[in-house]
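> Provided below are the primary sequence and the corresponding predicted coordinates.
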Amino acid sequence: MAKVSSQDLGTEPIGKLLIKQAVPASIGILVMSLNILVDTIFVGQWIGSTAIAAINVVLPVSFFIAALGMSIGIGGSSIISRALGANNETKALQTFGNQITLTLLLTISLVIPGLYFINDIIPAFGGKGNIFEPAKIYYKIVLYGVPFLAFCMMGNTVIRAEGKPKFAMYAMMIPSIGNLILDYIFINLLDLGMEGAAWATTGSYLLCFGFILWFFLSKNSELKLTNCYFKLRLPIVKEIGSLGFVTLSRQAVVSITYLFMNNILFDLGGETSVTAYAIVGRMLMFALFPVYGITQGFLPIAGFNYGAQHYDRVKKTIATALKYAIGLAALVFVILMIFPEVITKLFTSDVDVIKETPSAMRWVFAATPIIAIQLIGAAYFQAVGKAIPALLLTLTRQGIFFIPLIFILPKFYGELGVWMSFPIADVLSTIVTAFFLHREVKLKLNKTMA
């Protein structure tokens, strides 16, 4: 493999560079999403449809804690990309060291109360009736591995900030493949049920952690730390926090959304509707993998060139990322509109779930072709260190529009109103994001270039 330098982010042609960054990110996200997808299929076919709903209850809690690592990673990686672009290696090292310390302190401080209040948390997130016991089994075991997952999420974004997307891709592929193998062993061969599914997931986190640790200790990383860099520095912590808060807020809203959705759907349609949402949620993670890959590839390129004051390259990066992402999102839209029944049958043989899920899937993905604008627009402000607009744009889709809609529309349309909320929120948030992104390019980047 040819040696890759972070300086390539400021010199290579944008189209070629975006592909080089986005393809490994997309492959990594694809494998990770396939892992989640196949894991859900295994659980549904080998344990039962209630087990799918149980995992859906646990995910927002465990992923919120793990998202602390992703938040610290993305917030710090924005600083690292700009610092490397400005040839400020000391700040890059200080930021990375502080990321490690923060991840350790914050995740452990949340895992402990998360385990202590287990009997209160699971019902609050929709783990009621027959869902409660399998959700409790899965939750307890998975939470042990969440701090390792948080380190993986943090480390992955730093690897990408160094301009080494292939290693970031490997970091996503290893636990995904490992989880599927462990699923087969623990669930199918050893017949451990929900415990097997949980230990397979936790084991996959440990595999990923081992690879991330190896990368930063090897010659592949430019960031070589000594003890002095682990000491928390208030200015850096504040900057990591302000930018990382965007990602954390997004995940917090996602977790809150799961809480509301599971409870609202349980009241409207019982366990069948919660299971339908779980399947649609897995497709949301899986189907948009190329768009998320372009967004991940876009972040270090935009951040590096903004830090290096190459504003013409920043503009071109935005335009190229939007073109690629919108085209791919449109392709995803077509596939999901045609084959929702076939997709649903992969997960379960439950007749009621098969009857309800395809219609829900079509509604949820109805505005998919334009969602790329919202994702790239919010990512731009985060990449260049503008925390407040990044936060506001990130929250528009699920926080500002979607959550109110799922309380209002069901009063008029019942369960259909829940599914209708998805495309309406997508359209409204895209309009807002497009306005702010256009204004930023017109008034800031063009003016700065002049």
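Looks like it came in fine. Residues are numbered from 1 along each chain as shown.
> Averaged pLDDT, stretch 216-225. What do you get?
Stretch 216-225 shows an average pLDDT of 81 in the prediction.
> Between the two ends of that stretch, what distance do you get?
End-to-end distance for stretch 216-225, by CA to CA, to the nearest Å: 9 Å.
> List the buried residues of that stretch.
Neighbour counts over stretch 216-225 (16 or more other CB atoms under 10 Å) mark 216, 220-223 as buried. The way it works is simple: take the backbone N, C-alpha and C, and place the C-beta from them, glycine included.
> cool, and stretch 175-182?
In stretch 175-182, counting by 16+ other CB under 10 Å, buried: 175-180, 182.
> and which of these is nearest residue 427?
residue 176 (32.3 Å; CB to CB).
> Rank the buried residues of stretch 175-182 by pLDDT and give me only the lowest.
Minimum pLDDT across the buried residues of stretch 175-182 falls on residue 176, with 79.
> And that residue, how close does it get to residue 328?
Plainly put, residue 176 is 20 Å away from residue 328 if you go by CB to CB, to the nearest Å.
> got it, and residue 109?
From residue 109 to residue 328 the distance is 39 Å (CB to CB).
> With residue 353 instead?
For residue 353 relative to residue 328 (CB to CB), the value is 29 Å.
> Between residue 109 and residue 328, which is the more surrounded one?
residue 328 (21 against 12; other CB atoms under 10 Å).
> I figured that one hits residue 290, correct?
Yes - if you go by CB atoms under 8 Å, residue 328 and residue 290 touch, sitting 4.2 Å apart.
> any idea how far stretch 106-124 is from the chain center?
The chain centre lies 21 Å from the centre of stretch 106-124; the measure is CA atoms, centre = their mean, to the nearest Å.
> Could you do stretch 207-216 as well?
19 Å.
> Spell out the secondary structure type for residue 349.
coil (DSSP: H, G, I helix; E, B strand; the rest coil).
> ok, now which ones touch it?
residue 45 (CB atoms under 8 Å, 6 or more residues apart in numbering).
> ditto for residue 27
Residue 27 touches 169, 173, 293, counting by CB under 8 Å, 6+ apart.
> how about CSV for the buried residues of stretch 216-225, with secondary structure added?
Output for those, formatted as CSV (three-state DSSP):
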residue, secondary structure
216, helix
220, coil
221, coil
222, coil
223, coil
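> quick one: which of those is nearest residue 19?
residue 220 (21.4 Å).
> do you know how far the closest one is from residue 406?
45 Å.
> what about residue 131, distance to residue 105?
Residue 131 is 33 Å from residue 105, by CB to CB.
> Please say which of the two ends up with more neighbours.
Taking other CB under 10 Å, residue 131 and residue 105 do not tie; residue 131 has more neighbours (26 against 12).
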